[in-house]
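Visitor: Here is the input, now give the coordinates:
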Amino acid sequence: MTHMKDRKYVYSLKDLPYTYLTKESRSKFVLGDKTLVSFIENPPGAEFPSHAHDCEQILIILEGSEEHTVGGQTIHMEAGDVCVHPANVEHGGFTKTGFKGIDIFCPPRDSHVDLMRKQGLLVEE
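Guide: Numbering: from 1, shown residues only. Model (predicted):
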């Protein structure tokens, strides 16, 4: 754990490393004590497999679009759209155009934190 005097409060997206979520999907993460923010990028033609997890997730599409499936419903999402995923509800998507978005996970999603750790992007003392 980082000592409070050494704690970093401000980050620059350009300085954050990418964590690969799938072969095609990548993200830059900011991990807080109770929240994980993901700056996700999916290239054109990418599919994010259907999955569920025990944390709430809010997805905000910033650029591009996605055919997003959540709770058995498929919805076309584009820049400016927001989707709230309750915990343990299956969701995934496919993007023809590619998209950039922000995912907010509360509490932090364990599997993403594990990926950061495995890819050497999470330094713990």
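Visitor: wait, isn't residue 38 in contact with residue 108?
Guide: No - using Cβ atoms under 8 Å, residue 38 is not in contact with residue 108, being 9.9 Å away. C-beta here means a position set from N, CA and C on the backbone, and glycine is covered the same way.
Visitor: The spatially most central residue of the chain - nearest residue in space that isn't next to it in sequence?
Guide: Within the chain, the residue whose C-alpha comes closest to the C-alpha centroid is residue 38; the distance, by Cα atoms, centre = their mean, is 3.7 Å. By the measure of Cβ to Cβ, 6 or more residues apart in numbering, the closest residue to residue 38 outside its immediate chain neighbours is residue 103, 3.9 Å from it.
Visitor: remind me which residues of this protein are low pLDDT?
Guide: Along the chain, segments meeting pLDDT under 70 span 1-7, 123-125.
Visitor: can you pull out the strands in it?
Guide: For the chain, strands defined by DSSP state E occupy the ranges 19-20, 26-31, 36-42, 47-51, 56-70, 73-78, 82-85, 91-94, 99-106.
Visitor: could I get the longest one in CSV with only the CA atoms?
Guide: What that stands for is strand 56-70. The C-alpha atoms that make up strand 56-70 are tabulated as CSV, following Å, rounded to 0.1, in the frame of the first residue of the first chain:
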residue,chain,number,x,y,z
GLU,A,56,-22.2,-2.5,-10.8
GLN,A,57,-20.9,-1.1,-14.1
ILE,A,58,-21.8,2.1,-15.9
LEU,A,59,-20.7,2.4,-19.5
ILE,A,60,-20.5,5.8,-21.2
ILE,A,61,-19.9,5.8,-25.0
LEU,A,62,-17.7,8.8,-26.0
GLU,A,63,-16.9,8.0,-29.7
GLY,A,64,-18.3,5.5,-32.2
SER,A,65,-21.1,3.0,-31.5
GLU,A,66,-21.8,-0.5,-30.3
GLU,A,67,-24.6,-3.0,-30.5
HIS,A,68,-24.8,-3.6,-26.7
THR,A,69,-26.6,-6.5,-25.1
VAL,A,70,-27.6,-6.3,-21.4
